[in-house]
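K.L.:
based on what follows, work out the 3D shape:
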Amino acid sequence: MEVYGAMKVAEKIKEALDACRKHGLPIVHVIRYYRPDGSDVEITRYEAFKKAGGALIKGTEGAEIVDILKPQEGEYVIVKQRWSAFFQTELDVMLKRLGVDQVVVTGVQTPNCIRGTVWDANSLDYEVIVLTDGTGAKTQEVHEANLYDMKNIGVKLMTTEEFINSLPNPPKENLVEKIRKDIEEGK
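P.N.:
Residues are numbered from 1 along each chain as shown. Prediction:
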């Protein structure tokens with residue numbers, strides 16, 4: 001279930017991750033695992049799952065986060081079963097608890113997981129930014145068409161460089177540490 005060009009996108013995601021870490025912003029990694037028997041694979045992917053002899057099974061090659069994007073201590077990991085990172089996961093509750101009102105979406109594929117997550121984030125009243133070079137699809141045409149649709153519902157499109165340059169310089173107080181301290185103090 002590899003997507004052509006995904007590693008080029010991963011390099012841009014790494015740049016965004018590094019900037020967010022420097023600024024102490026909450027980072028959520030979203031991954032997908034399937035059961036080895038495929039009982040939790042969505043109906044539209046089931047045949048491809050069987051043909052591949054299984055895919056995205058925890059502990060197998062291709063199912064883990066690539067090394068350059070591995071979560072660091074204190075970062076969140078959400079396991080999803082469908083296109084949207086919000087569908088039947090704790091993501092919305094977690095973001096609200098952290099006081100997050102804006103999400104930056106990266107990854108592949110633009111017409112599937114990115115679009116599903118963006119639509120749900122928009123429906124849940126988050127301000128949504130999609131990194132145009134930090135997302136990708138099997139073809140540039142499909143990618144561009146989906147970005148166009150997302151822009152038309154009010155999603156902000158930015159390159160990774162534009163996003164990084166929009167962050168305060170120097171970084172503000174480390175937000176993640178402030179949230180943890182407030183929670184510990186019962187605020």
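K.L.:
only C-alpha atoms for contact and neighbour calcs from this point on.
P.N.:
Will do.
K.L.:
got the buried residues for the helix or strand encompassing Ile164?
P.N.:
Applying DSSP states H and E as the criterion places Ile164 in helix 160-166. Judged by neighbour count (16 or more other CA atoms under 10 Å), helix 160-166 contains these buried residues: Thr160, Phe163, Ile164.
K.L.:
which parts of the chain are helices?
P.N.:
In the chain, the segments counted as helices under DSSP state H are 6-22, 46-51, 91-97, 115-123, 140-151, 160-166, 175-184.
K.L.:
quick check: mean pLDDT across the fourth one?
P.N.:
Read it as helix 115-123. Mean pLDDT, computed over helix 115-123, is 97.
K.L.:
one more: the longest one?
P.N.:
Averaged across helix 6-22, the pLDDT comes to 94.
K.L.:
ok, Val108 - contacts?
P.N.:
Val3, Ala6, Val9, Ile114, Thr135, Gly136, Ala137 (CA atoms under 8 Å, 6 or more residues apart in numbering).
K.L.:
relative to Gly107, how far out is the fourth one?
P.N.:
Which is Ile114. Remark: distance between Ile114 and Gly107 (CA to CA, to the nearest Å) = 7 Å.
K.L.:
repeat for the last one
P.N.:
For Ala137, the distance to Gly107 (CA to CA) stands at 9 Å.
K.L.:
and what of the second one?
P.N.:
Noted for Ala6: a distance of 8 Å to Gly107, by CA to CA.
K.L.:
overlap of the contact sets of these two?
P.N.:
By CA under 8 Å, 6+ apart, the residues touching both Ala6 and Gly107 are Gly136.
K.L.:
more crowded one of those two?
P.N.:
Neighbours per residue (other CA atoms under 10 Å) separate Ala6 from Gly107, with Gly107 holding more: 23 against 17.
K.L.:
identify the bridge partners of the more buried one.
P.N.:
With DSSP bridges as the criterion, Gly107 is bridged to Thr135.
K.L.:
am I right that it is in contact with Glu11?
P.N.:
No. Here Gly107 lies out of contact with Glu11, judged by CA atoms under 8 Å, at a distance of 10.6 Å.
K.L.:
got any residues that touch both of these two?
P.N.:
Taking CA under 8 Å, 6+ apart as the contact rule, the neighbours common to Gly107 and Glu11 are Gly134.
K.L.:
what's around the closest residue to Ala55 other than its chain neighbours, how many residues?
P.N.:
Closest residue to Ala55 apart from its sequence neighbours, by CA to CA, 6 or more residues apart in numbering: Phe49 at 5.8 Å. By other CA under 10 Å, 20 other residues sit near Phe49.
K.L.:
what residues are up against Phe49?
P.N.:
Phe49 sits next to Gly38, Val41, Ala55 when contact means CA under 8 Å, 6+ apart.
K.L.:
what about the last one, neighbour count?
P.N.:
Yep, that's Ala55 we're talking about. Neighbours around Ala55, by other CA under 10 Å: 22.
K.L.:
that's all I had, so thanks and see you.
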